[in-house]
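A.B. asks: build me a model:
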Amino acid sequence: MTEQKLSKDLPTVSNDPKTDEMEIDLMDILRKLISIRKTLYKAAGIGLIIGIIVALSIPKQYTVKVTLSPEMGNSNGNNGLAGLAASFLGSGTTVGDGTDALNASLSSDIVSSTPFLLELFEINVPAVDKGEDITLTSYLDTQSSPWWGYILGMPGKVISGVKALFISDKEESAADKQKSGTITLTKKEKRKIDALKKNISATVDKKTAITSVSVTLQDPMVAASVADSVVHKLQECIIGYRTSKAKEDCIYLEKLFKERQDEYYTAQKKYAEYVDTHDNLILQSVRAEQERLQNDMSLAYQVYSQVATQLQVARAKVQEEKPVFAIVEPAVVPQKPSGTGKKVYVIFCVFLAVLLASVWKLWIKDILDKLKKELA
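C.D. replies: Predicted coordinates for the structure are as follows:
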């Protein structure tokens, strides 16, 4: 019993050689790091300088977010304004119930589409240094980029400059580019479109349908102006689609209404002229012709009245189909830049420099020395 108690009271000694080796390795690595601390200090200093250069080279960017809540048109035909008009006019006219092929849930796809971004090229934004406004495409040419971007893009600029000597690009507006149904972009326009796709985005909450539009640019005033323009153009795009079918119906019914009106007026005129010229005659043939003209006039009036009712319902449907957008958070000029802070770049560069110096001193240098000895 005493031996069993002593064995329980004694601390258990680990016999796992892997744990001991791990502790020895960690201590060995720590000793090596201490021995090369001067090199690590130098690496940290170099990383600090590089980090400061990188942080100062990256331009500031400002993000503007606009939140809007779209209230789409009523899909229940007879409960809306068009249904109310039909009930008052009383012709039994009903308005069909359909689904939308384009609605607020597709805002993210609409904003990132090439035709939408091409239209944004022509909007006016406040100039940074000039008194008058400039177009967005002109502003994108003034945006700065890190110095390494100019170095990497130098070969492409040289090639483009040489091509420009032999090939003249004809400037076309955004509307001209989309007339044929296909869009042809130059390399410069393609770069601008890609930049806008990265800097302009829209997200939609599937539960609440609240849409958030985000614009990131280097000038806070321009970012706010572009964000406001994006929201208005997005509203126009959705409203234009939602009401396009109803407007087409209105145009067709107006044409039909004018035709039926002319037919009714013609039949009415024929009946009146015939009655005036045959008023004193009591022949049976005269009465038959008079009755026929009267029936033609009545039938023309019925058709004319029905078309007039349908036209009024269609006009009401245009307003009913028009969605309403409530701006929850408007475009506000940001005061502070967004994105990664300069301190993060500096800390990352220092850490990376120390890590590379440690790996070089502890492993890579030894491996290279062994290879040289073996080859020698």
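
A.B. asks: what's the neighbour count on residue 213?
C.D. replies: Residue 213 sits with 24 neighbouring residues when counted by other CB atoms under 10 Å. All C-beta spots, glycine's among them, are computed from the backbone N, C-alpha and C.

A.B. asks: got the contact list for it?
C.D. replies: 65-68, 107, 111, 200-202, 227, 230-231, 234 (CB atoms under 8 Å, 6 or more residues apart in numbering).

A.B. asks: distance check, it against residue 120.
C.D. replies: For residue 213, the distance to residue 120 (CB to CB, to the nearest Å) stands at 12 Å.

A.B. asks: okay, and the common contacts of these two?
C.D. replies: Shared contacts of residue 213 and residue 120, defined by CB under 8 Å, 6+ apart, comprise 200, 230.

A.B. asks: about what we covered before: between the contacts of residue 213, which is nearest residue 288?
C.D. replies: residue 234 (64.9 Å; CB to CB).

A.B. asks: in this structure the closest one contacts residue 108, no?
C.D. replies: No: using CB atoms under 8 Å, residue 234 is not in contact with residue 108; the gap is 10.2 Å.

A.B. asks: what about those two, which has more around it?
C.D. replies: residue 234 (22 against 15).

A.B. asks: can you tell me the closest non-neighbouring residue to the most centrally placed residue in the chain?
C.D. replies: Most central in the chain under CA atoms, centre = their mean is residue 111, positioned 2.1 Å from the mean C-alpha point. Setting aside the residues directly before and after it, residue 111 is nearest to residue 202 in space (CB to CB, 6 or more residues apart in numbering), at 4.2 Å.

A.B. asks: secondary structure element for that neighbour?
C.D. replies: strand 200-204 (DSSP states H and E).

A.B. asks: chain center to stretch 309-329, what's the gap?
C.D. replies: 24 Å (CA atoms, centre = their mean, to the nearest Å).

A.B. asks: give me the buried positions along it.
C.D. replies: Buried residues in stretch 309-329, counted by 16 or more other CB atoms under 10 Å: 309-318, 320-323, 325.

A.B. asks: and these, which is closest to residue 116?
C.D. replies: residue 325 (16.3 Å).

A.B. asks: now that closest one: how far from residue 135?
C.D. replies: Using CB to CB, residue 325 is found at 25 Å from residue 135.

A.B. asks: how about residue 115?
C.D. replies: Counting by CB to CB - residue 115 and residue 135 are separated by 17 Å.

A.B. asks: and residue 315, by the same measure?
C.D. replies: 37 Å.

A.B. asks: and residue 246, how many neighbours?
C.D. replies: Residue 246 is flanked by 21 other residues according to other CB under 10 Å.

A.B. asks: for residue 296, see how far away it is.
C.D. replies: 33 Å.

A.B. asks: all helices for the stretch 101-250 of the chain, in order.
C.D. replies: 107-111, 114-120, 136-142, 147-166, 174-177, 187-199, 220-277 (DSSP state H, counting those that start in this stretch).

A.B. asks: residues in contact with the second one: which ones?
C.D. replies: Outside helix 114-120, the residues that touch it by CB under 8 Å, 6+ apart are 110, 136, 174, 177-178, 183, 185, 193, 196-197, 200, 226, 229-230, 233-234, 237.
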